[in-house]
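*Asks:* sequence plus the predicted model coming up.
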Amino acid sequence: MSSPPSNAVALGYIEHPGTPAQTRYQAQLCHTQERSLTLEGGQTLYDAIVQALQKQAISSAYLTINNAAMQTLHYVIPGDDPSGQHAAWYSETHRLSPPANIHTAGIHVGLRDGEPFLHCHGIWQQGDGHTAVGHLLAPASILANDIEVSCIAIEGAYLAVTADEETRFPLFAPYQGASSAAKPNALLLTLRPNQDLNAAIAATAKRYGIDTAQIMGLGSLVQTCFTDGHQLKSHANEILILDGTLKDGQPSLQAVSVGIGGEQHQGALAPGRNAICVTCELLLSF
């Protein structure tokens, strides 16, 4: 087992069941292009996305969905593992009935066992106006209408789910994909637990000579801390980056976060105060 770092009080720390990997990041340079996708309503969000990507021969991507009406919307939030085998787990499934609406969501599209796999965090509302944040279950959530979504198509790298010894979770990790003749303009990146998110992004970007970039992605943090002083209480909190930039080598991240029990907050993440809980999956576009 690992030991908390000396700055654990300020940064936060979570004990995972496995042996920590020596390398605390995985990354692949790649080339990205912005595309517009039409998702057809009346089917699951998973099927709508997979079909739209296949029509454009896209196998790896990051999608942003805004203002999508849903027939049904199923999601989970962080929870404790009743088996005790993981440091964190998922809640029971929450189900929103119509009218439900995705306010915004970010989705990494990769592979699991050779088939398309989606990892989605977002913000949604039910008809009564209640706003919730969480991890969307795309195969169980049905899109009401056709919508246009923003797609960052990725060439030369892709995310694939693999077993992770440290956390004992199946997690996305980046791999080199079919070579692209285009010059790299992005970095596909995953980060391991118990390191500050901002510092880890800055250090990895420096390794690749990246000084300025747009940062997109999602993941989880320990007791998410914001620059306005608000801090979530739970040891496991999911996040979605709403607006992220790297300028002069330093990240600035606006995010929304939800913890065990549903506590949520939105704002600028406090540098040096946000330890990664399980993973963060990021795309740095430069």
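*Replies:* Nice, thanks for sending it over.

*Asks:* excluding chain neighbours, what is closest to the most centrally placed residue in the chain?
*Replies:* Nearest to the geometric centre of the chain sits residue 218, at 2.1 Å (C-alpha atoms, centre = their mean). If the residues on either side of it in the chain are set aside, residue 218 comes closest to residue 121, at 4.2 Å by C-beta to C-beta, 6 or more residues apart in numbering. (C-beta placed from N, C-alpha, C; glycine too.)

*Asks:* same thing with residue 217?
*Replies:* With sequence-adjacent residues excluded and distances taken as C-beta to C-beta, 6+ apart, residue 217 is closest to residue 282, at 3.7 Å.

*Asks:* hang on, that neighbour packs against residue 213?
*Replies:* No - with contacts counted by C-beta atoms under 8 Å, residue 282 stays clear of residue 213, the gap being 9.8 Å.

*Asks:* looking at these two now, which is surrounded by more residues?
*Replies:* A side-by-side neighbour count of residue 282 and residue 213, using other C-beta atoms under 10 Å, places residue 282 first with 29 against 23.

*Asks:* what lines up beside the one helix or strand that one maps to in the sheet?
*Replies:* If you go by DSSP states H and E, residue 282 is part of strand 276-285. On the basis of DSSP bridges, the sheet neighbours of strand 276-285 come out as strand 186-191 (antiparallel), strand 213-221 (antiparallel).

*Asks:* after the shortest one comes which helix or strand?
*Replies:* Proceeding N to C from strand 186-191, the next assigned helix or strand is helix 197-207, under DSSP H and E.

*Asks:* show me what that next one is packed against.
*Replies:* In terms of contacts (3 or more C-beta pairs under 8 Å, 6 or more residues apart in numbering; DSSP states H and E), helix 197-207 is packed against strand 25-39, strand 186-191, strand 213-221, strand 237-247, strand 250-259, strand 276-285.

*Asks:* hang on, the earlier thing: out of the strands paired with strand 276-285, which comes closest to residue 239?
*Replies:* Judged by C-beta to C-beta, the one of the strands paired with strand 276-285 that comes nearest to residue 239 is strand 213-221, at 5.7 Å.

*Asks:* quick check: buried residues in that closest one?
*Replies:* By neighbour count, and taking 16 or more other C-beta atoms under 10 Å as the criterion, the buried residues in strand 213-221 are 213, 215-221.

*Asks:* make sure residue 187 is actually in contact with residue 286.
*Replies:* Yes - the pair residue 187 and residue 286 qualifies as a contact (C-beta under 8 Å) at a distance of 7.4 Å.

*Asks:* quick check: neighbours shared by the two?
*Replies:* Common neighbours of residue 187 and residue 286 (criterion: C-beta atoms under 8 Å, 6 or more residues apart in numbering): 210, 213.

*Asks:* who's more crowded, those two?
*Replies:* Shown here are residue 187 and residue 286; by other C-beta under 10 Å, residue 187 has more neighbours (25 against 18).

*Asks:* neighbours around the nearest residue to that one once chain neighbours are set aside, how many?
*Replies:* Taking C-beta to C-beta, 6+ apart as the measure, residue 187 lies nearest to residue 284, with 4.3 Å between them; neighbours along the chain are not counted. The tally of other residues near residue 284 (other C-beta under 10 Å) stands at 27.

*Asks:* so what's residue 284 bridging to?
*Replies:* Using DSSP bridges, the beta-bridge partners of residue 284 come out as residue 187, residue 215.

*Asks:* relative to residue 238, how far out is it?
*Replies:* Counting by C-beta to C-beta, to the nearest Å, the separation of residue 284 from residue 238 is 20 Å.

*Asks:* please apply the same query to residue 256.
*Replies:* In this structure, residue 256 and residue 238 are 9 Å apart, going by C-beta to C-beta.

*Asks:* identify the contacts common to those two.
*Replies:* Contact criterion C-beta under 8 Å, 6+ apart; residues shared by residue 256 and residue 238: residue 133.

*Asks:* neighbour-wise, which of those two wins?
*Replies:* Taking other C-beta under 10 Å, residue 256 and residue 238 do not tie; residue 238 has more neighbours (27 against 22).

*Asks:* let me know how buried residue 103 is, in neighbour terms.
*Replies:* Applying the criterion other C-beta under 10 Å, we find 16 residues in the vicinity of residue 103.

*Asks:* ok, now which ones touch it?
*Replies:* Applying C-beta under 8 Å, 6+ apart, one finds that residue 103 lies in contact with 66-67, 122-125, 131.

*Asks:* and what of residue 14?
*Replies:* The neighbourhood of residue 14, defined by C-beta under 8 Å, 6+ apart, consists of 87-88, 193-194, 222, 235-236, 275, 277.
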